[in-house]
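Undergrad: 3D, please:
(one chain, ligands or ions: 1)
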Amino acid sequence: MLRWWKISLSSRTKLILLAVVALMLPTTILSIIQYRSLVDLESKTKVAVQDNLRQTLQTINHKVEDNLKYLARKTLGSIEKADFEPEGFEKLDRYFAAIKLKHPEIENLFVFWLCEPKDKSFALAYTNDGLKRIGASQLKENPDANMAYWAFENAHATRISTDVKSEYLFWQTSSQESMNKPGRQFQEFIFRILPCSDGKDSTAFAGLSLKPSYIQETFLPHIIPELLRSCDIDDRDSALALGIFDETSNEVYTNRTKWGDYELKSSFGPAFPRWKIAVGYKDTTIEALAKDNFQKNLMLTLFVLSLLVLGIILTLRATSREMKLAQAKSTFVSNVSHELKTPLALIRLFAETLELGRVKSTEKAQEYYRIINNESRRLTQLINNILDFSKIEAGRKEYEFQEMDVAEVVEEVIRSYEYQIVNAGFELATDIGHDLPPASIDRDAISQAVLNLINNAVKYSDEDKKINVRVRARDSFVAIEVTDTGIGIPRSEQEKIFEKFYRVSTGLVHNTKGSGLGLALVKHIVEAHKGQITVESAPGKGSKFTLLIPASAASVKTKEVKFDGGYKVAESPNN
Ligand code: ADP
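TA: Presented below is the predicted three-dimensional model:
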């Protein structure tokens, strides 16, 4: 199993497999966990928002209660037992009149003395007719006082059953209970409990009733928006929709702008025990809020995840590149050693033969000299390539530009190597234009580039041995073309061959040794001249490499072209 792994998988495949197992798998598991927790979070968000709304309602209830209590404390808070005595009657009358003047929202005011002995019970009621003393037996004859007494009894019973120890009590009569008063919808009562001297649970109290119009038209429309603003729950408070319903489910107040369901409904007590208060959002629902939250979190997770995956892919690519480079370097070392060894062995062999005087004919000697010469040239070329490459890598490669004729430089290279090429069985054709514009070039570098291209044409040719070198002006460039009828380069490899150490790994190349530096160097040289290198090639048909070297700006001739309008137009020499 392990052997199979070692043999059949390339290091690149191993790297990918490792990445899948070590990185992608945990990332996928993490994503699934994250997704599930987001779904969980969505339902928790719903509960949390609902809780927030519940708290908002409670806060509003308490604040409304506090507000009404404040009014009751201001008006009923200072009433004492002495005010009930017959001597205090006039004082109380004046006091109630002053209160009504100051608080037009108050409808009636009462005090009830119901302490022992019961036969001494009485009530004082301040209505539109002024202050009246009502004896225990006359209570039924006074509907306002009777209603107040009945409301107090209800409030008091609730107080006992809920064990609330508040000094102030509330009661609200329904519209049916107020039938005895035509046109009356409901009545809101606030009572203040007064201590009886017998120490028993007291039934002495002062109370007031509020005008229903005040509650509906002034109190609620004024206080609710203020309370909503002060409910500091989250930044959506301004978007809260609130409604108040009476006992027949009639909406008596709402700040809602659009139709939509309230999310939560509860009692509007203790101040308005018969009413309900409901809350929701004006333009959304809890469901939509939770979904929105979920989607935002999901997007964020997906974004982070894609960054992670991108990071993994980039790391993988970089690692695989490094691996390829390391592999290429080791191939390079073995190739170069072979490239160095072969010419050296030949040079030694022929030099020794000559030295020992074993060569009989001068022709033979001449041939050996030529071989030595050729091999040392190859060696020089290879060493030059390696030295230049290392200079480029270290950023120390310098060019010395001089304005000169490119054709001359190319011709010189051909002259030096023509014999060698032809001797290797090649048909060498040249087409070097004259009167080309001069270019600012580094002579040695351009020679080296051309030589590399010619060398490659020789190296990568099979049976059909033809090389064509052409130098022509093209637009504002001087184009050097080296064409062969060799093995060609597959399209997918044509970009990569300019990378350092890269060698095509199919076809004849397997048998041809090389450093993989030649074209990388040529590209660097051309780019240093602000030029370009291009390749046109088809497997089995041959290749054409073109170097485009910019001609010196001043030398790009301008011709005067006459148009009807008589403009002067710069034209490239080729046109
Ligand atoms: P080397 O020739 O030392 O391998 P180069 O950088 O000069 O390195 O070339 C890179 C690769 O490009 C070569 O290995 C070869 O596969 C391909 N190549 C270059 N020139 C030619 C050509 N004229 N015909 C076919 N293939 C070529």
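Undergrad: Sketch out the helices for the chain, chain order is fine.
TA: Per DSSP state H, the chain carries helices over the ranges 2-8, 11-19, 25-76, 89-102, 143-162, 212-213, 220-230, 286-355, 362-393, 406-423, 443-459, 518-528.
Undergrad: Save the ones you listed as a markdown table, and put in mean pLDDT too.
TA: Below are the helices of the chain laid out as a markdown table (pLDDT from 0 to 100):
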| stretch | mean pLDDT |
| --- | --- |
| helix 2-8 | 49 |
| helix 11-19 | 76 |
| helix 25-76 | 91 |
| helix 89-102 | 92 |
| helix 143-162 | 88 |
| helix 212-213 | 88 |
| helix 220-230 | 86 |
| helix 286-355 | 88 |
| helix 362-393 | 88 |
| helix 406-423 | 91 |
| helix 443-459 | 94 |
| helix 518-528 | 94 |
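Undergrad: Redo those helices as CSV? Include mean neighbour count and distance to the ligand.
TA: Heads up, the C-betas are built off the backbone N, CA and C, glycines and all. Output for those, formatted as CSV (neighbours: other CB atoms under 10 Å; distance: least, CB to the nearest ligand atom, whole Å):
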stretch, mean neighbour count, distance to the ligand
helix 2-8, 8, 26
helix 11-19, 13, 20
helix 25-76, 15, 38
helix 89-102, 15, 103
helix 143-162, 17, 94
helix 212-213, 16, 97
helix 220-230, 15, 76
helix 286-355, 14, 7
helix 362-393, 15, 8
helix 406-423, 17, 13
helix 443-459, 22, 3
helix 518-528, 21, 3
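Undergrad: With residue 188 as the reference, name the closest of the ones you listed.
TA: For the helices of the chain, proximity to residue 188 was assessed by CB to CB; helix 212-213 is nearest, at 7.2 Å.
Undergrad: ranges for the strands of the stretch 101-250 of the chain?
TA: 106-113, 122-127, 130-135, 168-173, 187-194, 204-210, 240-245 (DSSP state E, counting those that start in this stretch).
Undergrad: can you put the ones you listed in TSV and add mean pLDDT, mean neighbour count and distance to residue 393?
TA: Conversion of those to TSV gives the following (pLDDT from 0 to 100; neighbours: other CB atoms under 10 Å; distance: least, CB to CB, whole Å):
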stretch	mean pLDDT	mean neighbour count	distance to residue 393
strand 106-113	92	23	97
strand 122-127	90	21	105
strand 130-135	89	15	110
strand 168-173	91	24	90
strand 187-194	92	23	92
strand 204-210	93	23	93
strand 240-245	90	21	68
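Undergrad: The ligand is nearest to which of these?
TA: strand 240-245 (72.7 Å; CB to the nearest ligand atom).
Undergrad: Okay, angle between that closest one and helix 220-230 too, please.
TA: Using axes from the mean of the first three to the mean of the last three CA atoms, to 10 degrees, one finds that strand 240-245 and helix 220-230 are set 150 degrees apart in direction.
Undergrad: Neighbouring strands of strand 240-245 in the sheet, and parallel or not?
TA: strand 251-254 (antiparallel), strand 272-281 (antiparallel) (DSSP bridges).
Undergrad: May I see those strands arranged in CSV, with mean pLDDT as well?
TA: Putting the strands paired with strand 240-245 into CSV (pLDDT from 0 to 100) gives the following:
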stretch, mean pLDDT
strand 251-254, 89
strand 272-281, 91
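Undergrad: Skip the chain neighbours and tell me the closest residue to residue 399.
TA: Nearest non-adjacent residue to residue 399, counting by CB to CB, 6 or more residues apart in numbering: residue 442, 4.0 Å away.
Undergrad: Counting neighbours, what do you get for that neighbour?
TA: Residue 442 has 20 neighbours, counted by other CB atoms under 10 Å.
Undergrad: In this structure residue 453 contacts residue 522, no?
TA: Yes - using CB atoms under 8 Å, residue 453 is in contact with residue 522, at 6.5 Å.
Undergrad: joint contacts of these two?
TA: Common contacts of residue 453 and residue 522 (CB atoms under 8 Å, 6 or more residues apart in numbering): 545, 547.
Undergrad: before we move on, back to that, just name the most buried of the strands paired with strand 240-245.
TA: Mean neighbour count, computed with mean count of other CB atoms under 10 Å, is highest for strand 272-281 among the strands paired with strand 240-245, reaching a mean of 20.
Undergrad: who touches that one?
TA: 53, 56-57, 60-61, 64, 158, 170-172, 174, 186, 188, 236, 239-247, 249, 252, 256, 260-268, 289.
Undergrad: report the angle between the axes of it and strand 168-173?
TA: For strand 272-281 against strand 168-173, the angle by the same axes, to 10 degrees is 90 degrees.
Undergrad: Only C-alpha atoms, please: export strand 272-281 in PDB.
TA: Output in PDB follows, covering the C-alpha atoms of strand 272-281 (Å, rounded to 0.1, in the frame of the first residue of the first chain):
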ATOM      1  CA  PHE A 272     -55.500  50.100  32.700                       C
ATOM      2  CA  PRO A 273     -56.400  46.600  33.900                       C
ATOM      3  CA  ARG A 274     -59.100  46.100  31.300                       C
ATOM      4  CA  TRP A 275     -57.000  47.000  28.300                       C
ATOM      5  CA  LYS A 276     -54.300  45.200  26.300                       C
ATOM      6  CA  ILE A 277     -51.100  46.600  24.900                       C
ATOM      7  CA  ALA A 278     -49.400  45.100  21.900                       C
ATOM      8  CA  VAL A 279     -46.000  45.600  20.300                       C
ATOM      9  CA  GLY A 280     -44.300  44.700  17.000                       C
ATOM     10  CA  TYR A 281     -42.200  46.300  14.300                       C
END
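Undergrad: starting at the chain centroid, how far to it?
TA: Between the centre of strand 272-281 and the centre of its host chain there is 42 Å, according to CA atoms, centre = their mean, to the nearest Å.
Undergrad: now stretch 472-487
TA: 49 Å.
Undergrad: what about it, how long is it end to end?
TA: End-to-end distance of stretch 472-487 (CA to CA, to the nearest Å): 25 Å.
Undergrad: With the ligand in mind, check whether it reaches it.
TA: Yes - against the ligand, stretch 472-487 shows contacts by CB under 6 Å from any ligand atom at 484, 486, 487.
Undergrad: quick revisit: ok, the residue nearest to residue 399 touching residue 403?
TA: No - the criterion here is CB under 8 Å, and residue 442 misses it with residue 403 at 11.4 Å.
Undergrad: list the contacts for residue 102?
TA: Contacts for residue 102 (CB under 8 Å, 6+ apart) come out as none.
Undergrad: picking that back up, what would the strands of the stretch 101-250 of the chain look like in a markdown table with distance to the ligand?
TA: Shown next, in a markdown table, are those (distance: least, CB to the nearest ligand atom, whole Å):
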| stretch | distance to the ligand |
| --- | --- |
| strand 106-113 | 103 |
| strand 122-127 | 112 |
| strand 130-135 | 116 |
| strand 168-173 | 96 |
| strand 187-194 | 97 |
| strand 204-210 | 98 |
| strand 240-245 | 73 |
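Undergrad: Is it possible to get TSV of those strands that adds distance to residue 17?
TA: Shown next, in TSV, are the strands of the stretch 101-250 of the chain (distance: least, CB to CB, whole Å):
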stretch	distance to residue 17
strand 106-113	86
strand 122-127	94
strand 130-135	98
strand 168-173	76
strand 187-194	78
strand 204-210	81
strand 240-245	56
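Undergrad: Could you double-check that residue 319 lies in contact with residue 14?
TA: No - using CB under 8 Å, residue 319 is not in contact with residue 14, being 11.1 Å away.
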